[in-house]
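Undergrad: Return atomic coordinates for the entry below.
(chains A and B)
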Amino acid sequence: MALSLYDTMAREKRPFVPKDPSRVTMYVCGPTVYNYAHIGNARPVVVFDVLFRLLRHAYGERSVIYAANVTDVDDKINKKAAEEGVPIDTITDRYLAIYNDDMATLGALRPTHQPRATQTMAEIIEMIGKLVGNKSAYAAEGHVLFNTQAYAEYGKLSRQPMDDMIAGARVDVAPYKQHPADFVLWKPSKKNEPVWDSPWGPGRPGWHIECSAMIEKSLGLPIDIHGGGIDLLFPHHENEMAQGVCAGHDHEVGYANYWMHNGFLNMAAEKMSKSLGNVALVHDLIQQAPGEALRWALLVGHYRAPLEWTGDLIEQSKKALDRLYGALRRASEVEAEDVPPPAAFLSALEDDLNTPAAFAELFGMATKLETATGKGRAQAKGELLAAANVMGFLLGDPEDWFQAGVTDDLRAQVDDLIAQRLEARAAKDWAAADRIRDELTALNIEVMDGPTGATWRIKESG
RNA sequence: GGCCUGAUGGCGGAGUGGUGACGCAGCGGACUGCAAAUCCGUGAACCCGAGUUCGAUUCUCGGUCAGGCCUCCA
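TA: Predicted coordinates:
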């Protein structure tokens, strides 16, 4: 195992060395549950799911602890709840359940822990208390603010120079802030909003402190890997780290040993944004394409590069999986040998999750499976399956991949037509055989004649 | 204004100081009654300009273009 990861803090790839190989910890910022997740939300989920699987492969399933939080206190949640006239947990429970279902369809394993802000309130308040106690934070007008001047390394992660931050500020500075960069840890709730008691008055926590507290509660600081979208680098992660370190943790050890950020996903050359109305919801996409194809599409480029989300990308991803499932289907009679993934494949993933290179290896394995003979086929099949499974692919039945959604009626009809066609071909009645093939084509079925019979597939869903 | 990415064939997308992966599409061939699938082969690219170097797509600088962050967006 020679895993190296690009660490945003160091701005370079570093060999991955966990603090404790028997307890590797990873935290990824999860969703705010007030609506359906869009495909951009799914990118970090899938990217870090691949890392989760790779780490489990390397260190053992029980040695990797992965937490992804759920933000369930938020202005947008409040707004939605008010619109529907229901308590916020009606909203958050509903969308969290949908979120988990949708991510499962994309082949993402459930994180070991899925902490929720509302269930971490005591720890959040305790952490704020520590910060106030050691002068890293101060109370003002019902708010509690983090004192960025108290933390000399503030800005180190995102490399935001403090002075410039002020110059570029696009928002009026609240009068109770001692320094423009100071940010909220606790704030009063507005009327009709959820409220919790605290030593600084009733209110609710700021967004950043939630994550710090949830990490500490579910994993313990410092953690090995902290992941999330690049947009969260500043201010969210910078603030999270400042709080975590100042709340009493060792400045030497730090907060997270590796910071990983995935690139943004763009729609049609524009940033996908709900305000632009160009969002693609995972919930809708999985009706139109197999979740596995969407997963493939999300990994087709390197995770740190921006990804252009297009319909063509989904089509190409389906075809890529057609290739791999096709090789497996043609080897359905072969019993896969129990072998580990090839070294070249693992090397690709271990090189900062080079998924495109890993895909290239999978194609190579598929060709090897197609061309190998005898015992070599069993080995090739085993290698392909073992490798793909590390990435969360090829977990389904090849027949199902090609015949997904086919009703029993259609299947019976197709089987009947193929049987007829087989007879016609045996009688060398090519006209009849072609006529039957046309009928199948009309049903959106494509036949593939083989030496011992015919197989078939759905031509195109679109 | 400040900070930070990126620019590779028709498309997507790795990588490398010296033979430029892989997938899709294209072309030729094998196989097939014909196809499809598969196999074999093949054409096709490193934004522009300087510099370093025996040699740069790869390193440095400048330019152009594109994108992100600087408001609780993944």
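
Undergrad: hey, let's count contacts and neighbours off CA atoms from now on
TA: Noted.

Undergrad: Show me what from the stretch 201-350 of chain A comes close to RNA strand B.
TA: By Cα under 7 Å from any atom of the strand, the residues of the stretch 201-350 of chain A that approach RNA strand B are A:206-207, A:228-236, A:263-266, A:269-273, A:300-303, A:305-308, A:313, A:316, A:319-320, A:323, A:326-327.

Undergrad: Just the ones in helices from those residues, please.
TA: Mapping these onto helices (DSSP state H) picks out A:207, A:313, A:316, A:319-320, A:323, A:326-327.

Undergrad: which one of those has the most neighbours?
TA: A:Ala327 (21 neighbours; other Cα atoms under 10 Å).

Undergrad: residues near A:Tyr27, how many?
TA: A:Tyr27 has 27 neighbours, counted by other Cα under 10 Å.

Undergrad: Could you do the one 3 residues further on as well?
TA: Burial of A:Gly30 is recorded as 22 neighbouring residues (other Cα under 10 Å).

Undergrad: so what pLDDT did it get?
TA: Looking at A:Gly30, its pLDDT reads 91.

Undergrad: ok, it touching A:Tyr66?
TA: No: contact between A:Gly30 and A:Tyr66 fails when scored by Cα atoms under 8 Å: they sit 11.6 Å apart.

Undergrad: Contacts only, for whichever residue of the stretch 151-300 of chain A sits closest to RNA strand B.
TA: Closest contact between the stretch 151-300 of chain A and RNA strand B, by Cα to the nearest atom of the strand, is at A:Gly229 (2.7 Å). Neighbouring residues of A:Gly229 by Cα atoms under 8 Å, 6 or more residues apart in numbering: A:44, A:261-264.

Undergrad: Now tabulate these in CSV and tack on neighbour count and pLDDT.
TA: Formatted as CSV, those follow (neighbours: other Cα atoms under 10 Å; pLDDT from 0 to 100):
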residue, neighbour count, pLDDT
A:Pro44, 24, 95
A:His261, 24, 93
A:Asn262, 22, 93
A:Gly263, 18, 91
A:Phe264, 21, 88
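
Undergrad: Enumerate the residues of the stretch 351-462 of chain A near RNA strand B.
TA: By Cα under 7 Å from any atom of the strand, the residues of the stretch 351-462 of chain A that approach RNA strand B are A:354, A:356-357, A:359-361, A:363-364, A:366-367, A:370-371, A:425, A:430-431, A:433-434, A:446-450.

Undergrad: List only buried entries from the residues you listed.
TA: Buried members of those, counted by 16 or more other Cα atoms under 10 Å: A:354, A:356-357, A:359, A:361, A:363-364, A:366, A:370, A:433, A:446-447.

Undergrad: and stretch A:356-366, C-alpha only, in PDB?
TA: Output in PDB follows, covering the C-alpha atoms of stretch A:356-366 (Å, rounded to 0.1, in the frame of the first residue of the first chain):
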ATOM      1  CA  PRO A 356      -9.300   7.700 -15.200                       C
ATOM      2  CA  ALA A 357      -6.100   5.700 -15.100                       C
ATOM      3  CA  ALA A 358      -7.900   3.100 -13.000                       C
ATOM      4  CA  PHE A 359     -10.700   2.900 -15.600                       C
ATOM      5  CA  ALA A 360      -8.000   2.400 -18.300                       C
ATOM      6  CA  GLU A 361      -6.800  -0.600 -16.300                       C
ATOM      7  CA  LEU A 362     -10.300  -2.000 -16.100                       C
ATOM      8  CA  PHE A 363     -10.600  -1.800 -19.900                       C
ATOM      9  CA  GLY A 364      -7.300  -3.700 -20.100                       C
ATOM     10  CA  MET A 365      -8.700  -6.400 -17.800                       C
ATOM     11  CA  ALA A 366     -11.800  -6.700 -19.900                       C
END
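
Undergrad: pLDDT on it, on average?
TA: Per-residue pLDDT over stretch A:356-366 has a mean of 97.

Undergrad: Tell me how chain A divides into domains.
TA: Domain assignment for chain A, taken from automatic domain parsing, gives A:4-262, A:267-401, A:403-458.

Undergrad: Start and end of the second one, how far apart?
TA: Using Cα to Cα, to the nearest Å, the gap from the first to the last residue of domain A:267-401 comes to 27 Å.

Undergrad: and if you look at the first one?
TA: With Cα to Cα applied, domain A:4-262 spans 16 Å between its terminal residues.

Undergrad: mind showing which ranges of chain A have poor pLDDT?
TA: By pLDDT under 70, the weakly predicted segments of chain A are A:1, A:163-173, A:249-253, A:268-278, A:461-462.

Undergrad: residues contacting A:Ala360?
TA: Neighbours of A:Ala360 in contact, by Cα under 8 Å, 6+ apart: none.

Undergrad: element containing it, please.
TA: Per DSSP states H and E, A:Ala360 falls inside helix A:355-371.

Undergrad: What residues are bridge-paired with A:Ala67?
TA: Note on A:Ala67: beta-bridge partners A:Tyr27, A:His113, judged by DSSP bridges.

Undergrad: isn't it right next to A:Val28, touching?
TA: Yes: using Cα under 8 Å, A:Ala67 makes contact with A:Val28 at a distance of 6.5 Å.

Undergrad: neighbours of the residue nearest to A:Ala242 when sequence neighbours are not counted, just the number please.
TA: Of all residues not flanking A:Ala242 in the chain, A:Tyr154 sits nearest, at 6.5 Å (Cα to Cα, 6 or more residues apart in numbering). Counted with other Cα under 10 Å, the neighbours of A:Tyr154 add up to 20.

Undergrad: Check A:Val45 too.
TA: Using other Cα under 10 Å, A:Val45 has 30 other residues around it.
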